[in-house]
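J.: this is the structure alone, sequence omitted:
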């Protein structure tokens, strides 16, 4: 009869340990060995993040007014980009819905906006962790004047 000693436990678990370490070595050589999808990339800051959100280049709340003013097809109205949550929050913190609709409705124009560009320069250096975003005072003033 076998007694429970450290040697016996090692003998019983060694096939599993061998398999475990073989799997670890394989994953070190080939990172996608477990068929894990690659991490998505933010289309603004170009960071690899765990999760992206969809940003409508023309805000959904403005679709009716945009459709009345111009003859835009559904595809143009529903153009979206996949961006990380901090970038998404920053866009909505510094730009009004009307500004997004009328002026900043492409990725290039968004990146060119000074406050977004400054934020992107900073966020590129940050790890993929929660980041607090505050609404800008300038946006609130523009929103009040715009109404």
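T.: Perfect, thanks for sending it. Predicted model, so just to flag it, every value in this text is computed and none were measured. Residues are numbered from 1 along each chain as shown.
J.: make it CA atoms for all contacts and neighbour counts henceforth
T.: OK.
J.: and residue 23, that's in a strand?
T.: No. Counting by DSSP: H, G, I helix; E, B strand; the rest coil, residue 23 is not part of a strand but helix.
J.: and it, how far from residue 15?
T.: According to CA to CA, to the nearest Å, residue 23 and residue 15 sit 12 Å apart.
J.: looking at the two, which is more packed in?
T.: Of the pair residue 23 and residue 15, residue 23 is the one with more neighbours under other CA atoms under 10 Å, namely 13 against 10.
J.: sketch out the low-pLDDT regions of this protein for me.
T.: Counting by pLDDT under 70, the chain contains low-confidence ranges at 1-14, 16-17, 21, 24, 26-37, 64-73, 147.
J.: residue boundaries of the helices in it?
T.: Secondary structure of the chain by DSSP state H: the helices cover 6-29, 63-69, 74-77, 85-94, 97-102, 107-112, 114-123, 137-146.
J.: quick one: which of the ones you listed is nearest residue 56?
T.: Between residue 56 and those, the shortest gap by CA to CA is with helix 74-77, which sits at 8.2 Å.
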